[in-house]
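Engineer: Provided below for reference: sequence and predicted model.
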Amino acid sequence: MLSRTRPTVLCVDDEIRSLETLERTLDEEFDVLTASNAEQAMELLQKNEVHAILCDQRMPGQTGVEFLTEVRQRWPQVARLILSGYTDSEDIIKGLNEAGILQYITKPWHPDNLLLIMRGACRLYELQNENELLAMEMRLTEGQAEQNIAAKKQRLQQTFQLDEIRRHPASPINNLCDQAAKIAPYDVSVLVTGPSGAGKELFARALHYNSLRADRPFVVENCGAMPDELLASELFGHKKGSFTGAITDHVGLFEQADGGTIFLDEIGEISPAFQVKLLRVLQEREVRRLGEHQRRKVNVRVVASTNRDLEEEVRAGRFRQDLYFRLAEVTLELPALEKRGMDIPVLAQAFLATAVQAFDKPVQGFTEEALDCMRRYCWPGNVRELQNEIRRMLVLTEGEWLSADLLSPRVLRAAPVEETAETEVLAGLDGTLKERIETLEKRILRETLIRHRWNKSQASRELGLSRVGLRSKLERYGLNKDFH
């Protein structure tokens with residue numbers, strides 16, 4: 001264990017015996033320097049780091065107060081104390097005002113009391129030094145902090161550039177990205193529709209970071225299945241005591257997003273009563289916190305999303321038409337992932353790169369079998385399901401490549417979840433009945449072999465075939481070359 005350097009104390013007194021007594025007392029805990037006059041004391045201060053000065057008041061030449069006044073100007077962080085056998089109030093006042101005396105100690109002093117006082121004085125010196133260092137560090141890092149924030153904003157803007165959205169060069173969402181790029185700079189409300197997990201929040205962020213509000217906040221609220229009072233508190237804020245559990249004032253997301261963008265996810269789930277409140281906020285551009293009468297102006301851009309058909313909801317009377325038109329000045333409709341099959345390999349590679357970095361588990365990539373299985377699966381959970389599947393594969397793998405046998409059974413079967421009857425399965429296939437049955441048989445053989453890591457004995461047992469029968473079918477369908 002490293003030993004800590006002892007604090008240094010300077011004792012100044014023209015009486016030699018007094019100096020010797022002070023030195024014997026303080027030497028238990030401090031490195032003690034002694035001087036018999038102010039001139040000697042100045043020389044010692046110039047050569048040593050001194051934490052505290054204990055100075056006699058009445059000395060020939062400079063008095064203690066005069067000396068400490070000069071010390072205050074040159075070494076203001078040093079703790080200054082006066083030691084005197086006299087209690088002249090004028091000296092005390094002058095010492096406090098001019099020399100900034102920490103304490104005025106009268107003779108005779110008690111050793112234990114003096115040690116206690118000097119400990120406090122030296123600790124004060126250390127605290128002042130730490131405070132000064134922290135203040136200097138803050139000044140030095142203030143510019144760096146501003147640079148870091150600016151760099152992070154720049155990275156966010158680059159990350160959410162619309163041309164950075166992962167997709168195939170001929171992707172069905174190219175036109176959608178072009179449309180979003182056109183409307184992003186303008187302060188219009190945007191409604192992003194599409195199935196859950198299709199990437200609606202990604203487009204909302206892209207709209208924000210490609211707008212003139214990019215350097216202001218982007219805040220998100222999921223409006224689904226949230227009680228009206230809680231949703232109102234989250235969006236509009238509340239005053240302490242306005243309801244049970246409101247133990248402090250809360251600034252709502254509309255105020256937090258002032259100057260920026262608020263993303264209201266699952267907007268189709270809000271109640272008719274709350275629709276009225278939200279419409280008023282959008283019309284008047286001001287919010288009133290729960291429990292308050294004061295209204296506060298807000299300047300926000302609203303991007304909302306839903307997996308519902310809001311036009312149908314309006315026709316059914318479940319969603320206010322005036323609120324719909326407020327939210328949907330422009331509508332962007334995202335397709336399900338199964339409608340963007342060519343994007344699946346591109347997205348899979350992008351998700352893998354992110355997961356590799358997050359898990360620090362490098363791999364080479366996907367096998368062709370794995371990509372083929374992913375292309376044939378319908379992905380009812382859309383982009384989010386694909387991302388989760390890639391993370392799962394990376395966690396489970398023990399090799400350099402993510403192979404098809406790492407995929408979930410539902411992906412290997414490559415059939416939509418909703419398909420349960422044979423006629424529904426066959427409806428998605430072309431050709432005669434015989435050709436369609438053969439296509440299904442080939443698919444089942446392929447999926448079973450992948451799931452059993454191409455172990456033909458296990459696959460044949462599951463399928464109820466002999467090894468000879470399985471080999472014959474593999475040769476018939478041209479699968480033997482894939483599964484040696």
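Structural biologist: Alright, I've got the coordinates.
Engineer: what packs against the helix or strand where Leu371 lies?
Structural biologist: Here Leu371 sits within helix 368-376, counting by DSSP states H and E. In this structure, helix 368-376 makes packing contacts with helix 344-359, helix 382-396, helix 409-413, helix 433-451, judged by 3 or more CB pairs under 8 Å, 6 or more residues apart in numbering; DSSP states H and E. No exception for glycine: its C-beta is placed from N, CA and C like everyone else's.
Engineer: tell me the most buried of those helices?
Structural biologist: Among the helices and strands packed on helix 368-376, judged by mean count of other CB atoms under 10 Å, the one packed with the most neighbours on average is helix 382-396 (a mean of 19).
Engineer: burial count for Val287?
Structural biologist: Neighbours of Val287 under the rule other CB atoms under 10 Å: 25.
Engineer: what's the first-to-last distance across stretch 327-339?
Structural biologist: 26 Å (CA to CA, to the nearest Å).
Engineer: quick one: low-confidence parts of this structure?
Structural biologist: Across the chain, the ranges flagged by pLDDT under 70 are 1-4, 87-97, 136-164, 414-430, 453, 480-484.
Engineer: can we see that at 50?
Structural biologist: In the prediction, the chain carries residues with pLDDT under 50 at positions 1-3, 415-428, 481-484.
Engineer: Could you break it into its assigned domains?
Structural biologist: Structural domains of the chain, as assigned by automatic domain parsing, span the residue ranges 8-129, 171-335, 336-418, 421-484.
Engineer: Now distance to Ile165 too, for the ones you listed, in a markdown table please.
Structural biologist: A markdown table is the format used below for those (distance: least, CB to CB, whole Å):
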| stretch | distance to Ile165 |
| --- | --- |
| domain 8-129 | 53 |
| domain 171-335 | 6 |
| domain 336-418 | 10 |
| domain 421-484 | 29 |
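Engineer: close enough to count as contact, Arg11 and Phe30?
Structural biologist: Not quite, residue 11 is Cys, not Arg. No. Using CB atoms under 8 Å as the test, Cys11 is too far from Phe30 to be in contact (9.7 Å).
Engineer: Specify the local secondary structure of the residue lying farthest from the centre of the chain.
Structural biologist: Computed with CA atoms, centre = their mean, the residue of the chain farthest from its C-alpha average is Pro60, at 65.8 Å. Of the three states, Pro60 takes coil according to DSSP: H, G, I helix; E, B strand; the rest coil.
Engineer: show me what contacts it?
Structural biologist: Pro60 makes contact with Asp14, Asn37, according to CB atoms under 8 Å, 6 or more residues apart in numbering.
Engineer: same question, Arg167
Structural biologist: Listed by CB under 8 Å, 6+ apart, the contact set of Arg167 reads Ile173, Asn174, Cys177, Arg340, Asp343, Val346, Leu347.
Engineer: And for Gln40?
Structural biologist: If you count contacts by CB under 8 Å, 6+ apart, Gln40 has them with Val12.
Engineer: picking up where we left off before, give me the more crowded residue out of Cys11 and Phe30.
Structural biologist: Neighbour totals were compared for Cys11 and Phe30, and Cys11 leads with 27 against 21 (other CB under 10 Å).
Engineer: Secondary structure of the more buried one: a strand, I assume?
Structural biologist: Yes. Counting by three-state DSSP, Cys11 is found in a strand.
Engineer: On the three-state scheme, the nearest residue to it once chain neighbours are set aside is what?
Structural biologist: In space, and not counting its chain neighbours, Cys11 is closest to Leu22: 4.6 Å by CB to CB, 6 or more residues apart in numbering. The three-state assignment at Leu22 reads helix, by three-state DSSP.
Engineer: Just the C-alpha atoms of stretch 191-202, please, in PDB.
Structural biologist: The C-alpha coordinates for stretch 191-202 follow below in PDB (Å, rounded to 0.1, in the frame of the first residue of the first chain):
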ATOM      1  CA  LEU A 191     -48.400   9.000 -40.700                       C
ATOM      2  CA  VAL A 192     -46.300   5.900 -41.200                       C
ATOM      3  CA  THR A 193     -48.300   2.800 -41.600                       C
ATOM      4  CA  GLY A 194     -47.400  -0.900 -42.000                       C
ATOM      5  CA  PRO A 195     -47.400  -4.200 -40.000                       C
ATOM      6  CA  SER A 196     -45.600  -4.400 -36.700                       C
ATOM      7  CA  GLY A 197     -41.900  -4.800 -36.900                       C
ATOM      8  CA  ALA A 198     -41.700  -3.400 -40.500                       C
ATOM      9  CA  GLY A 199     -39.400  -0.500 -39.500                       C
ATOM     10  CA  LYS A 200     -41.800   2.400 -38.900                       C
ATOM     11  CA  GLU A 201     -39.700   4.000 -36.200                       C
ATOM     12  CA  LEU A 202     -36.600   3.800 -38.500                       C
END
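Engineer: Can you list the buried residues in it?
Structural biologist: Judged by neighbour count (16 or more other CB atoms under 10 Å), stretch 191-202 contains these buried residues: Leu191, Val192, Thr193, Gly194, Pro195, Ser196, Gly197, Ala198, Gly199, Lys200, Leu202.
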